[in-house]
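Novice: kindly generate the corresponding structure for this input.
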Amino acid sequence: VQLQASGGGLVQTGGSLRLSCAASGNTFNLYGVAWFRQTSGAEREFVAAIHWTTSTTFYADSVKGRFTISRGNPVSLIMNSLKPEDTAVYFCAARYNGRGSLFSAQTYDYWGQGTQVTVSS
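Specialist: All right, here's what the predicted structure looks like:
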């Protein structure tokens, strides 16, 4: 599967953005799709994931209640009530295998390019 992320930008605190992750290739056998984010010098951080078959969603505590991940093509991440600490490069990722945690970047085999999200205070 190939992934193409888009939708980042500059927004003020409290604003909203919608990120999209378009997938091409085999999406029928996917196990999960997730969004991670990364700031300079930091590890890639889990944001949200969706189990492809059941559409069960998972969120980091820091974004719960503000972000919504939706299954589809593209997979979307709607981000509301944005805060300056949400500023990061956001990556979408996909995996076919069911081994390991959905929250761990190491378990994902396919990555889109990042899209920058900047939240001004």
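
Novice: switch to C-alpha atoms for all contacts and neighbour counts from now on
Specialist: Noted.

Novice: spatially nearest residue to the spatially most central residue of the chain (excluding sequence neighbours)?
Specialist: For the chain, residue 35 is the residue whose C-alpha lies nearest the centre (CA atoms, centre = their mean; 1.7 Å). With CA to CA, 6 or more residues apart in numbering as the criterion, residue 35 has its nearest non-adjacent residue at 4.5 Å, and that residue is residue 92.

Novice: mind listing what the one you found touches?
Specialist: By CA atoms under 8 Å, 6 or more residues apart in numbering, residue 92 lies in contact with 3-5, 21, 33-36, 111-114.

Novice: which of these count as buried?
Specialist: By neighbour count, with 16 or more other CA atoms under 10 Å, the contacts of residue 92 hold 3-5, 21, 33-36, 111-112, 114 as buried.

Novice: look up the closest residue to residue 48, ignoring the ones flanking it.
Specialist: Leaving aside its sequence neighbours, residue 48 sits nearest to residue 59 (CA to CA, 6+ apart; 4.4 Å).

Novice: buried residues of stretch 88-106, list them for me.
Specialist: The neighbour-count check on stretch 88-106 (16+ other CA under 10 Å) flags 88-96, 102-103, 105 as buried.

Novice: now these in a markdown table, with secondary structure and distance to residue 80?
Specialist: Output for the buried residues of stretch 88-106, formatted as a markdown table (DSSP: H, G, I helix; E, B strand; the rest coil; distance: CA to CA, whole Å):
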| residue | secondary structure | distance to residue 80 |
| --- | --- | --- |
| 88 | strand | 15 |
| 89 | strand | 17 |
| 90 | strand | 15 |
| 91 | strand | 18 |
| 92 | strand | 18 |
| 93 | strand | 21 |
| 94 | strand | 23 |
| 95 | strand | 26 |
| 96 | coil | 29 |
| 102 | coil | 23 |
| 103 | coil | 21 |
| 105 | helix | 23 |
